[in-house]
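Q: sequence and predicted structure below; questions after.
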Amino acid sequence: METSEDMNEDNSSSKNFNLEKLKKCFLSFFSFYKTNQNQTTNNKRVAKYDNLKGLAILIVIFVHVISPSRENGVDIYVTLANFLCIFAMPIFFFVGGYFSKISEDSGIKAFKNIFIPYILFTIIWLFFNYFVLGRAFHRYPFVVPAYALWFLISLFTIRLILPILDKIKHILPISILALLLIGLLPIPDDFFGYARTFGYLPVFLVGYYYNDYKKTFNEKIAKYSNLSSLFRNKISVFIMLILFIIIMWIFSDSVTYFESSYELVQFVSSYETMDLTIEIGIISRFIAVISGIIAALFVNKLMTNKVTFLTKLGVNSFTIYILHLYIVRFVFVKLRVDSPVEFIFNDPLLTGIYTIIMVPLISYIFSRDFITKKFNSFIKIFEKAIMHR
């Protein structure tokens, strides 16, 4: 039979046990909440940058869809294409820089994830160009990127030399200076996408060093409370973006008077090739590169962390980027001139209707997860045929 003292001891033990159990439950719950909170934050961060890529790929599709009308000289679409080019590719390179990391195997990863797809889709493009579009093989296949595949070779080159660039002091202003100087070289072909590699390197570096630049920027404006609050307020940033858009539209409209305006904002050709004076070429190129950086920063600041329709486009942006090229190029080569529907691309209104139909249609079809799954499996087969592991 238990004594009163034994019973008190048991009750005390029971209370201690219950308190310990309660404490463990509380800590477990808090740990679970904290983990979920971190996961939510990470998901939001990923969603934000997927949204940025989604917006960029939407603009790229739009520019490519209106390219027949731009090539036919329909003024509004020439200006619109120039204007949108200031936004689209800088966003891609900004996000690419933001997620780039230097490691021992970063070169191998760049080779597998970027260069192998470049080789694969260049081979496919050569056959598509010859058998479907009826065009001759390029005299420098692989060396001169086919159509929009320049993006892959440029991104690969930047990723490959990033460890070296990271060791150079003041690399951002140096990269801008190099871009301005490279325009002096009258190289006829865009070997390995060198011109656009130099063109988008600065905005890639801004993405890569973004957190460092952001910290420095915030520290410098912290003493100016009004200015600091201005940049933290999304409404203020949005208003600044609108003003920036107006200025860039004026710039885009003004360069349409140059015969090679599209090449100018895309950093494709030298000043001599575009029949520009050195002064005009350097000023225009400087405005274009700074505008791309500002555009990427503005859009990054305003982009939501929430999952939107852009998120799915961003997740599947690589698939969309590659596959939509075959459709838009077929239309450009086969339907733009000497076809029953060529009148569409000479009429601003009809082009607008065609664009409203085609852009959502292409975006929706190629952003399906099952297409991306098959697309990635196809690349993997080619990768295994080339690499040991």
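A: It's in. Residues are numbered from 1 along each chain as shown.

Q: what segments of the stretch 51-200 of the chain are helices?
A: In the stretch 51-200 of the chain, the helices defined using DSSP state H, counting those that start in this stretch lie at 67-71, 75-85, 88-98, 106-110, 116-127, 150-165, 171-182, 194-208.

Q: so which of these gets nearest Arg368?
A: helix 116-127 (19.2 Å; CB to CB). Every residue, glycine included, has its C-beta placed from N, CA and C.

Q: and the residue lying closest to Ile76 once chain neighbours are set aside, what pLDDT?
A: Among residues not flanking Ile76 along the chain, Pro348 sits closest, at 5.5 Å (CB to CB, 6 or more residues apart in numbering). As predicted, Pro348 sits at a pLDDT of 91.

Q: Pro348 is in contact with Val78, isn't it?
A: No. Shown here, Pro348 and Val78 do not form a contact pair, counting by CB atoms under 8 Å, at 11.0 Å.

Q: what about the two, which has more around it?
A: Between Pro348 and Val78, counted using other CB atoms under 10 Å, Val78 has the larger neighbour count: 22 against 12.

Q: that one and Arg70 touch, don't they?
A: Yes. Here Val78 lies in contact with Arg70, judged by CB under 8 Å, at a distance of 5.2 Å.

Q: pull the CA atoms of stretch 127-139 into CSV?
A: Taking Å, rounded to 0.1, in the frame of the first residue of the first chain, the C-alpha atoms of stretch 127-139 are listed here in CSV:
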residue,chain,number,x,y,z
PHE,A,127,17.7,20.6,-90.4
PHE,A,128,14.6,22.7,-89.8
ASN,A,129,16.1,25.7,-91.6
TYR,A,130,17.1,23.5,-94.6
PHE,A,131,14.2,21.1,-95.0
VAL,A,132,11.2,23.1,-93.7
LEU,A,133,12.2,26.7,-94.5
GLY,A,134,14.2,25.8,-97.6
ARG,A,135,17.3,27.8,-96.6
ALA,A,136,20.9,26.9,-97.1
PHE,A,137,23.1,25.7,-94.2
HIS,A,138,25.1,28.6,-92.6
ARG,A,139,28.7,28.6,-93.5
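
Q: what's the neighbour count on the closest residue in space to Leu152 that isn't next to it in sequence?
A: Distances taken as CB to CB, 6+ apart put Tyr118 closest to Leu152, at 4.1 Å, once the chain neighbours are dropped. A total of 22 residues lie near Tyr118 under the criterion other CB under 10 Å.

Q: surely Tyr118 touches Phe156?
A: Yes. Tyr118 is in contact with Phe156 according to CB under 8 Å; the separation is 6.5 Å.

Q: what about this structure, any weak spots by pLDDT?
A: 1-45, 188-189, 213-241, 243-262, 389 (pLDDT under 70).

Q: just want the most central residue of it.
A: Most central in the chain under CA atoms, centre = their mean is Phe92, positioned 1.1 Å from the mean C-alpha point.

Q: could you measure from it over to Gly134?
A: To Gly134, Phe92 is 31 Å away according to CB to CB, to the nearest Å.

Q: repeat for Ile108
A: For Ile108, the distance to Gly134 - CB to CB - is 39 Å.

Q: name the nearest residue to Arg117, sequence neighbours excluded.
A: Let me fix one detail, which is that residue 117 is Pro and not Arg. Nearest to Pro117 is Ile379, by CB to CB, 6+ apart, at 5.6 Å.

Q: same deal with Thr277?
A: Nearest one to Thr277, counting by CB to CB, 6+ apart, is Tyr271 at 7.2 Å.

Q: cool, and Asn346?
A: Asn72 (5.5 Å).

Q: burial count for the one you found?
A: Neighbour count of Asn72, defined by other CB under 10 Å: 16.

Q: Phe345 reaches Ser67, doesn't it?
A: No. Using CB under 8 Å as the test, Phe345 is too far from Ser67 to be in contact (9.2 Å).

Q: mind checking which of the two has more residues around it?
A: Neighbours per residue, other CB under 10 Å: of Phe345 and Ser67, the larger number sits with Phe345, 25 against 19.

Q: which ones are touching the more buried one?
A: Phe345 makes contact with 68-69, 72, 74, 335-336, 351, according to CB atoms under 8 Å, 6 or more residues apart in numbering.

Q: same check on Thr351?
A: Residues near Thr351 by CB under 8 Å, 6+ apart: 66, 68-69, 74, 77, 344-345.

Q: where's it, which helix or strand?
A: helix 348-366 (DSSP states H and E).

Q: for the next helix or strand after that helix, give me every contacting residue.
A: Next in sequence after helix 348-366, counting helices and strands by DSSP H and E, comes helix 369-386. The contact list for helix 369-386, computed with CB under 8 Å, 6+ apart, reads 112, 116-117, 119-120, 315-316, 319, 322-323, 365.

Q: which one of those residues sits in the busiest neighbourhood?
A: Asn316 (24 neighbours).

Q: can you pull the contacts of the nearest residue in space to Ile327 that is not next to it in sequence?
A: Once flanking residues are discounted, Ile327 sits nearest to Ile362: 6.4 Å by CB to CB, 6+ apart. Neighbouring residues of Ile362 by CB under 8 Å, 6+ apart: 61, 65, 320, 324, 327-328.

Q: with distance to Ser103 and neighbour count as extra columns, can I get these in JSON lines?
A: Converted to JSON lines, the contacts of Ile362 look like this (distance: CB to CB, whole Å; neighbours: other CB atoms under 10 Å):
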{"residue": "Ile61", "distance to Ser103": "33", "neighbour count": "26"}
{"residue": "Val65", "distance to Ser103": "38", "neighbour count": "24"}
{"residue": "Ile320", "distance to Ser103": "28", "neighbour count": "29"}
{"residue": "His324", "distance to Ser103": "32", "neighbour count": "22"}
{"residue": "Ile327", "distance to Ser103": "37", "neighbour count": "17"}
{"residue": "Val328", "distance to Ser103": "36", "neighbour count": "21"}
